[in-house]
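Chemist: Quick one, what's the 3D model for this:
(one chain, ligands or ions: 1)
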Amino acid sequence: MDRLSFLGKPQDEGLFDLYSRQRVLIFILLVTLMTFLPLSIKNFVIGETLLGFSLLAFELSLVIEVFGILRLNRNILGYRPPLFLLAISMVLSIHAFGTLATYWVFPVVTSIVLLVPKKMAMLANGGIILTSAVAALPHQEPTVTLRFTLALLFCVSIAHYVIETVRKLQANLSYLSTRDSLTGALNRHQLDASLIAASEKAKMDQATCIAAIDIDYFKDVNDLHGHDMGDQVIKTVVKLINSHCRKTDLLFRLGGDEFLLLFDNTNAESALKITRNIGQKVAEGIVEAYPEVDKVTLSTGIAESIANEEVEAWVKRADMALYKAKLAGRNQVKVNNPSDLYA
Ligand SMILES: Nc1nc2c(ncn2[C@@H]2O[C@H](COP(=O)(O)OP(=O)(O)OP(=O)(O)O)[C@@H](O)[C@H]2O)c(=O)[nH]1
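Modeler: Below is the predicted model of the structure:
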């Protein structure tokens, strides 16, 4: 999964992507404003000033956070301050009103499981359940508090289990939608976004290279040994390429026997060394894995990024270098000279 890091946040950051999180946060903000705002006013009126303040502070922190996410596209406070204020309000409310206030704990702990990263949610809910039980104890029979605590634990466990299952499903779907089904290499839909991100680095004078890679005479492998063997060879080529480059380098299958390898923080000289080594390892690895198949070789064209160059032009330069490698007899690496494209 580390090769997917360029696609966005890691999966354990929470259940929702930014768009869904915005929608859920707006919903929660509206619901809590409608319920907690009148409650905080009521608490001021009846003299429960501390509880009134903590509810108001919670609402305010939520408004600030939602504003940051919607308007500035970033977190201003993060989820910790609203979470802390909410937990304090829960405990103060149970302390003041006893059993009646305990009903609120159920939607609160469930929302925390939904919105907050797993470890923090478990920690926060553990704290809320424990302190709520302690706050409720003076207001009711110990057996009632025990039932309340067990019911809360049951509710939180179910919510965690369901959310974990959804998270795994989400991770699987995200994996499948970004990968080529035969080889597991990244599919070409992922290419544009990562090339744009890489070309941004070129603007900051960070060398980045791409290598257009094509298997030589692959049609012969299919014709002589069948399509299934061809598939096995393609899969093994991808494994071999991946195992001879860094985890931060990204391999895309563009289609058929064509690939594009995106090197992070690498100049053309290093990319040349790496791809020559890859070519050698692939040739050796395929002979070892499939002795019946003739030597399988790669032709490769390298292009180093140029600041402010369009991504299409960058890829075109790598293709031109690949074309030269094919023309020069295949089984070799050529590096593009930027002036070739613009001559
Ligand atoms: N087994 C298999 N073959 C595929 C797949 N996708 C494309 N091909 C075959 O890969 C071959 C690609 O051939 P080309 O790249 O045109 O030519 P080549 O034989 O590799 O020759 P050069 O590239 O000129 O060295 C074609 O015969 C396609 O049918 C696939 O998923 N599995």
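
Chemist: so where is the protein shaky, pLDDT-wise?
Modeler: By pLDDT under 70, the weakly predicted segments of the chain are 1-19, 339-343.

Chemist: Count the residues that sit near the residue of it found nearest the ligand.
Modeler: Closest contact between the chain and the ligand, by C-beta to the nearest ligand atom, is at residue 230 (2.5 Å). For glycine as for every other residue, the C-beta is placed from the backbone atoms N, C-alpha and C. Neighbourhood size, residue 230 [other C-beta atoms under 10 Å]: 21.

Chemist: now do residue 213
Modeler: Residue 213 has 29 nearby residues by other C-beta under 10 Å.

Chemist: what helix or strand is it on?
Modeler: Element membership for residue 213 (DSSP states H and E) is strand 209-215.

Chemist: List the strands paired with that strand, with their directions.
Modeler: Taking DSSP bridges as the criterion, strand 209-215 forms sheet pairs with strand 258-263 (antiparallel), strand 298-304 (antiparallel).

Chemist: From the recorded domain assignment, give the ranges for this structure.
Modeler: 2-178, 186-342 (automatic domain parsing).

Chemist: So residue 287 sits against residue 295, correct?
Modeler: Yes: with contacts counted by C-beta atoms under 8 Å, residue 287 reaches residue 295, the gap being 6.2 Å.

Chemist: Highest mean neighbour count out of the domains of the chain?
Modeler: domain 186-342 (a mean of 18; mean count of other C-beta atoms under 10 Å).

Chemist: Off-centre distance for that one?
Modeler: Distance of domain 186-342 from the chain centroid (C-alpha atoms, centre = their mean, to the nearest Å) equals 25 Å.

Chemist: What's opposite residue 179 in the beta bridge?
Modeler: residue 186.

Chemist: Quick check: residues of the stretch 101-250 of the chain near the ligand?
Modeler: Residues of the stretch 101-250 of the chain lying near the ligand by C-beta under 6 Å from any ligand atom: 182, 214, 215, 216, 217, 218, 219, 222, 227, 230, 231, 234.

Chemist: show me what contacts the residue nearest to the last one when sequence neighbours are not counted?
Modeler: What that stands for is residue 234. Computed as C-beta to C-beta, 6 or more residues apart in numbering, the closest residue to residue 234 that is not its neighbour in sequence is residue 183, at 6.0 Å. Counting by C-beta atoms under 8 Å, 6 or more residues apart in numbering, residue 183 touches 234, 235, 238, 253.

Chemist: these two touch, right, the second one and residue 182?
Modeler: Spelled out, it's residue 235. Yes: with contact defined as C-beta under 8 Å, residue 235 reaches residue 182; the gap is 6.4 Å.

Chemist: hmm, back to that, the strand holding residue 213: what's the following helix or strand?
Modeler: helix 218-225.

Chemist: which residues sit against that next one?
Modeler: Residues external to helix 218-225 that are found in contact with it (C-beta under 8 Å, 6+ apart): 215, 229, 230, 233, 234, 256, 257, 290, 292, 293, 294, 296.

Chemist: then it to CSV, C-alphas only?
Modeler: C-alpha atoms of helix 218-225 as CSV (Å, rounded to 0.1, in the frame of the first residue of the first chain):
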residue,chain,number,x,y,z
PHE,A,218,6.3,-9.7,-26.8
LYS,A,219,4.0,-10.8,-29.6
ASP,A,220,6.4,-13.7,-30.2
VAL,A,221,5.9,-14.9,-26.6
ASN,A,222,2.2,-15.1,-27.1
ASP,A,223,2.5,-16.6,-30.5
LEU,A,224,5.0,-19.3,-29.5
HIS,A,225,3.8,-20.1,-26.0
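
Chemist: what's near enough to touch residue 111?
Modeler: If you count contacts by C-beta under 8 Å, 6+ apart, residue 111 has them with residue 28.

Chemist: That one: which element?
Modeler: Applying DSSP H and E, one finds residue 111 within helix 105-115.

Chemist: and that helix, C-alpha only, in CSV?
Modeler: The C-alpha coordinates for helix 105-115 follow below in CSV (Å, rounded to 0.1, in the frame of the first residue of the first chain):
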residue,chain,number,x,y,z
VAL,A,105,-23.8,9.4,25.5
PHE,A,106,-25.0,6.8,23.0
PRO,A,107,-25.2,9.0,19.9
VAL,A,108,-22.0,10.8,21.0
VAL,A,109,-19.8,7.6,21.2
THR,A,110,-21.3,6.3,17.9
SER,A,111,-20.4,9.6,16.2
ILE,A,112,-16.9,9.4,17.6
VAL,A,113,-16.4,5.9,16.1
LEU,A,114,-17.6,7.2,12.7
LEU,A,115,-15.6,10.5,12.6
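
Chemist: re the thing from before, same list (the strands paired with strand 209-215) but as a markdown table, adding distance to residue 149.
Modeler: Converted to a markdown table, those look like this (distance: least, C-beta to C-beta, whole Å):
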| stretch | distance to residue 149 |
| --- | --- |
| strand 258-263 | 53 |
| strand 298-304 | 62 |
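
Chemist: if we can go back for a sec, with distance to residue 275 and secondary structure added, can I get the contacts of helix 218-225 in CSV?
Modeler: Formatted as CSV, the contacts of helix 218-225 follow (distance: C-beta to C-beta, whole Å; DSSP: H, G, I helix; E, B strand; the rest coil):
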residue, distance to residue 275, secondary structure
215, 14, strand
229, 25, helix
230, 22, helix
233, 19, helix
234, 18, helix
256, 19, coil
257, 16, coil
290, 22, coil
292, 27, coil
293, 22, coil
294, 21, coil
296, 15, coil
